[in-house]
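>>> Next comes the sequence, and after it the predicted model I'd like to discuss.
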Amino acid sequence: MGQAMHSILDRRNVVYAALFCYRQSIELYLKSLIEEFGHGAKKKHGLMELWGQFVEALRERGMEGQTGMEEVEELIMEMHRADERSDGFRYATDRKDGVFEFGDIGINLENLREVMSGLGNFFKCAAPALRHEEG
């Protein structure tokens, strides 16, 4: 991704693949946490639905007001709005063969990487925190 940050041609070739992988990682982190600490993740792709299930697992343990929750929810909501059904970054067309048109919205890849790294850290710390509350 380093080269893509410096070349507009490379950036256009990798940005959607990167966004797909980041979105997928959010979905998988949430499903994993819900499976272990919630009531089982439904076989859905909607990030806001999964986020709600995760927050419910926190609420059941009295942990819903943890530091950073609002910021994490805002990031998840932003990714959800960009790709609600987990198909916008995955396929060239939607279910009706319409082309996805996200345009070149000037995504700052370095910032994207930093933000997603921080979000990954949040999820990596969530499991030990939840286990500690159960212990």
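It's in. Remember, it's a predicted structure, so these values are computed and weren't measured experimentally.
>>> How about the contacts made by the residue most central in space within the chain?
Nearest to the mean C-alpha position of the chain, by Cα atoms, centre = their mean, lies I26 at 3.1 Å. By Cβ atoms under 8 Å, 6 or more residues apart in numbering, the residues touching I26 are 47, 76, 79, 119, 123. Yep, even glycine has a C-beta here, placed from its N, CA and C like the rest.
>>> Can I get the strand or helix carrying the second one as PDB, trimmed to CA atoms?
According to DSSP states H and E, I76 maps onto helix 69-82. What follows is the C-alpha trace of helix 69-82 in PDB, where atoms were taken according to Å, rounded to 0.1, in the frame of the first residue of the first chain:
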ATOM      1  CA  MET A  69     -17.200   3.400  21.900                       C
ATOM      2  CA  GLU A  70     -18.700   6.500  20.200                       C
ATOM      3  CA  GLU A  71     -15.700   6.900  17.900                       C
ATOM      4  CA  VAL A  72     -15.700   3.200  17.000                       C
ATOM      5  CA  GLU A  73     -19.400   3.300  16.300                       C
ATOM      6  CA  GLU A  74     -18.900   6.300  14.100                       C
ATOM      7  CA  LEU A  75     -16.200   4.500  12.100                       C
ATOM      8  CA  ILE A  76     -18.300   1.400  11.700                       C
ATOM      9  CA  MET A  77     -21.300   3.500  10.600                       C
ATOM     10  CA  GLU A  78     -19.100   5.200   8.000                       C
ATOM     11  CA  MET A  79     -18.000   1.900   6.600                       C
ATOM     12  CA  HIS A  80     -21.600   0.600   6.700                       C
ATOM     13  CA  ARG A  81     -22.800   3.700   4.700                       C
ATOM     14  CA  ALA A  82     -20.100   3.100   2.100                       C
END
